[in-house]
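[1] Let's see this in three dimensions:
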Amino acid sequence: MKILGLNIGHNATAALLDDGQIVAAVQEERLNRIKNAGGIPALAIHEVLQLGGPSSLDQIDLVAVCGTWSSYMVKDGRQVLEDYARMHAQASSPLSRPRAALAGNPRLRGLWKGYASEHHQRMVREELVRLGINPARVRFVDHHTCHAAMAYYGFGHMDEKVLVLTNDGEGDGLCATVSIGHHGQLERICEVSNHHTVAGLYGMITYLMGMTPLEHEYKVMGLAPYGLAGGATDSLARSFHNLIEWDRANPMAWRRSAGVPIGNQILPRLERLIARHRFDHVAAAIQSFTEDFLVEWVTRCVKETGIGTVCLSGGIFMNVKANQRILAAPGVERLFIVPSGGDESNACGAAYAACVQHLPQQTRPTGIPAMTSLYWGGEFPHADIEQAVKNFRFASKVSVQDTAAPEPLIAGLLAERKVVARFAGRMEFGARALGNRSLLANASDPDAPRILNETIKSRDFWMPFAPSVLRERSSTYMRKTKPMDAPYMVITFDSEPASREACRAAMHPQDFTLRPQEVDAGTNPSYHALLTDYERRTGHGLVLNTSFNLHGEPLVYSPQDALRVFDVSGLQHLVLGNLYLKKA
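    Predicted coordinates for the structure are as follows:
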């Protein structure tokens, strides 16, 4: 059975599931070159069909769409900022209290949900019909069901009970769910209204700090370690804690404290809370509160269910520092975090959920294989790469060399402390570069962050870089409180003090944590071979790895994208498939 999964809201994505296995997944932003592009992913639909085998939409059995009634259909970051500005103005107006009262009325909320669901689904079907999709094959899947399905079926251990937690800003009227997965089935046992969102608080603080919500939360997280604990930071963190209270009737649920405005109506109060506080203190306080809250929530859920195998999905679990503390939480025995767990992964989750609904009962525990990698995007043959280079008009003189062994070439350049752009194989899915569309540098070179920022990345000065490390060498560089594979850069670990010189350019300079991609020979053999060769030359089994893109743009997708970035930036070395390009 072939199922096309779609996320049509923020960060629009298409995914193709073939007999229970993800064979292709591409975000629309990679193709239209608009960061976090939203809406119907028309380009991505065409791309995954080409990558996954079907030549036409007629060969698709089902189309699973994430969102039954409330997909956030913004097109870009500018529209996100406009929406937040409008919400801020509305929350500050005299009509804010009546609006909040209406929004909190269960009967009116139910009526609105029914109307919104009918309108939303009709609109989406009409748009999909224009693309040639048979509306009879379209299925709508609840937002948090998509998050949970991505976690549970992606984890793939259906012979044991698994605690599945989802948490994000909002989706289909909810901000969080608790489910139990067993024998291929997911049973939801708790849910929290989006009126009480905690992830949304982080987004609102991001906005009030002058950054773009749904995109720059990682900058707040990166800044947080500079705001040292104590004094103003702790006081502000306590103020955030006072905004929510745990539900006495259900220990796994929470709500806004009495008198605290629900939903986005809280924006003016948050603005007053952080007024006259230092930038780093605000970041440290919201990060501290978020970590404490999530650890408390996970611990409560583990205690109530008695299940220590935990799967996490949803945008808040892109917070790698919080994930580190969750791993260490009491009762958590085994942890799986959805790679790139924001809404982009809901295209895969929707496809999983639709697949399970149509599988025969007896095949459900074993019918879906566990996820093993994220290399689900496009790959370009050597002839196409050669043609792209031949047709490109460079602004400066560039030499082109054909090489049958790009990995040793890159390893040698990195050993010489050169920054190298690597374009190889199928593109990685999600928010993190995983070696195939990456900028690589010597992790022991203290000048590497400055060179990267000055030549291409233009990152905020406080933002750390991250390492790719040989999986078998991981323990040399980092300490894990519990065993856990970390192939997707979704969790941090404390660095080993004795190895910090080797990874100084790829760790957070303030708290010395590492956000690793552990590279396995079975998952990406060519990248593993590169790191192995680099270790032979330098004695170090890790390199600095950051995304191959210009600041504010998506990761490069095609050879043309890579050549453009190489041409307009200060990059000197690009290995494009088997071609080595060097500026004179």
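
[2] Please report how far the residue minimising distance to the centre of the chain lies from G435.
    Taking Cα atoms, centre = their mean as the criterion, S340 is the residue nearest the geometric centre of the chain, at 2.6 Å. Look at S340 and G435: by Cβ to Cβ, to the nearest Å, they are 15 Å apart. (Each C-beta comes from the backbone N, C-alpha and C, glycine too.)

[3] before we move on, the earlier item: these two touch, right, the residue nearest to the centre of the chain and L434?
    No. Counting by Cβ atoms under 8 Å, S340 sits too far from L434 to count as a contact (10.1 Å).

[4] any idea of the mean pLDDT for stretch 562-576?
    For stretch 562-576, mean pLDDT is 98.

[5] do stretch 324-339 as well
    98.

[6] mind listing what's buried in it?
    Buried residues in stretch 324-339, counting neighbours by 16 or more other Cβ atoms under 10 Å, are found at 324-327, 329, 331-332, 334-339.

[7] For S340 and L434, list the residues in contact with both.
    L374, Y488 (Cβ atoms under 8 Å, 6 or more residues apart in numbering).

[8] and the longest helix for this structure?
    Taking DSSP state H as the criterion, the chain has its longest helix at helix 279-305.

[9] Tell me which other helices or strands that one touches.
    Packing partners of helix 279-305 (3 or more Cβ pairs under 8 Å, 6 or more residues apart in numbering; DSSP states H and E): strand 162-171, strand 174-182, helix 199-208, helix 217-223, helix 231-241, strand 309-313, helix 320-327.

[10] List the buried residues in it.
    280-291, 293-295, 297-302, 305.

[11] ok, back up a step: turn the buried residues of stretch 324-339 into TSV, columns for distance to R471.
    Supplementary listing: these in TSV, determined by distance: Cβ to Cβ, whole Å:
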residue	distance to R471
Q324	18
R325	23
I326	22
L327	17
A329	24
G331	27
V332	22
R334	18
L335	17
F336	17
I337	17
V338	20
P339	15
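
[12] P483: which of the residues you listed is nearest?
    R334 (8.4 Å; Cβ to Cβ).

[13] What pLDDT does the model give the nearest residue to that closest one once chain neighbours are set aside?
    By the measure of Cβ to Cβ, 6 or more residues apart in numbering, the closest residue to R334 outside its immediate chain neighbours is T309, 4.4 Å from it. Looking at T309, its pLDDT reads 98.

[14] Please tell me how far T309 sits from V490.
    To V490, T309 is 17 Å away according to Cβ to Cβ.

[15] Please apply the same query to H358.
    Here the criterion is Cβ to Cβ. By it, H358 lies 30 Å from V490.

[16] Kindly report the same for H88.
    31 Å.

[17] Pick out the most distant pair among the buried residues of stretch 324-339.
    Most distant of the buried residues of stretch 324-339, by Cβ to Cβ, are G331 and P339, 23.6 Å apart.

[18] quick one: which of the buried residues of stretch 324-339 is nearest N242?
    R325 (20.7 Å).

[19] Which helix or strand lies directly C-terminal to the helix or strand bottoming out on mean pLDDT in the chain?
    When each helix and strand of the chain is scored by mean pLDDT, DSSP states H and E, helix 96-103 comes last, with a mean of 65. Going down the chain from helix 96-103, the next helix or strand is helix 106-130, by DSSP states H and E.

[20] Describe which strands the helix or strand following that following helix pairs with in its sheet and in which direction.
    Per DSSP H and E, helix 106-130 leads on to strand 138-141 as the next helix or strand towards the C-terminus. Using DSSP bridges, strand 138-141 pairs in its sheet with strand 62-66 (parallel).

[21] and the strand it pairs with with strand 162-171, angle?
    Angle of strand 62-66 versus strand 162-171, following axes from the mean of the first three to the mean of the last three Cα atoms, to 10 degrees, is 70 degrees.

[22] For strand 62-66, output the C-alpha coordinates as PDB.
    C-alpha atoms of strand 62-66 as PDB (Å, rounded to 0.1, in the frame of the first residue of the first chain):
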ATOM      1  CA  LEU A  62      -4.500   7.000   0.300                       C
ATOM      2  CA  VAL A  63      -3.600  10.600   0.900                       C
ATOM      3  CA  ALA A  64      -3.300  11.300   4.700                       C
ATOM      4  CA  VAL A  65      -3.500  15.000   5.700                       C
ATOM      5  CA  CYS A  66      -2.300  16.200   9.100                       C
END
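
[23] okay, the angle between that strand and helix 106-130?
    140 degrees.

[24] now strand 62-66, how far from the centre of its chain.
    21 Å (Cα atoms, centre = their mean, to the nearest Å).

[25] Go ahead and confirm D567 touches A395.
    Yes. At 5.6 Å, D567 counts as touching A395 under the criterion of Cβ under 8 Å.

[26] between those two, which one's more packed in?
    Each of D567 and A395 has its neighbours counted (other Cβ atoms under 10 Å); D567 has more, 17 against 8.

[27] Okay, and that one sits in which element?
    helix 559-568.

[28] Enumerate the positions of that helix that are buried.
    For helix 559-568, by 16+ other Cβ under 10 Å, it's P559, Q560, D561, A562, L563, R564, V565, F566, D567.

[29] Dump these to CSV, plus distance to T455.
    CSV is the format used below for these (distance: Cβ to Cβ, whole Å):
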residue, distance to T455
P559, 20
Q560, 20
D561, 17
A562, 15
L563, 16
R564, 15
V565, 11
F566, 11
D567, 13
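
[30] Taking those residues, tell me the two that lie furthest apart.
    The most widely separated members of the buried residues of helix 559-568, counting by Cβ to Cβ, are P559 and D567 (12.2 Å).

[31] about what we covered before: export the helices and strands packed on helix 279-305 as a markdown table, with columns for distance to G110.
    Converted to a markdown table, the helices and strands packed on helix 279-305 look like this (distance: least, Cβ to Cβ, whole Å):
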| stretch | distance to G110 |
| --- | --- |
| strand 162-171 | 17 |
| strand 174-182 | 14 |
| helix 199-208 | 22 |
| helix 217-223 | 32 |
| helix 231-241 | 31 |
| strand 309-313 | 27 |
| helix 320-327 | 33 |
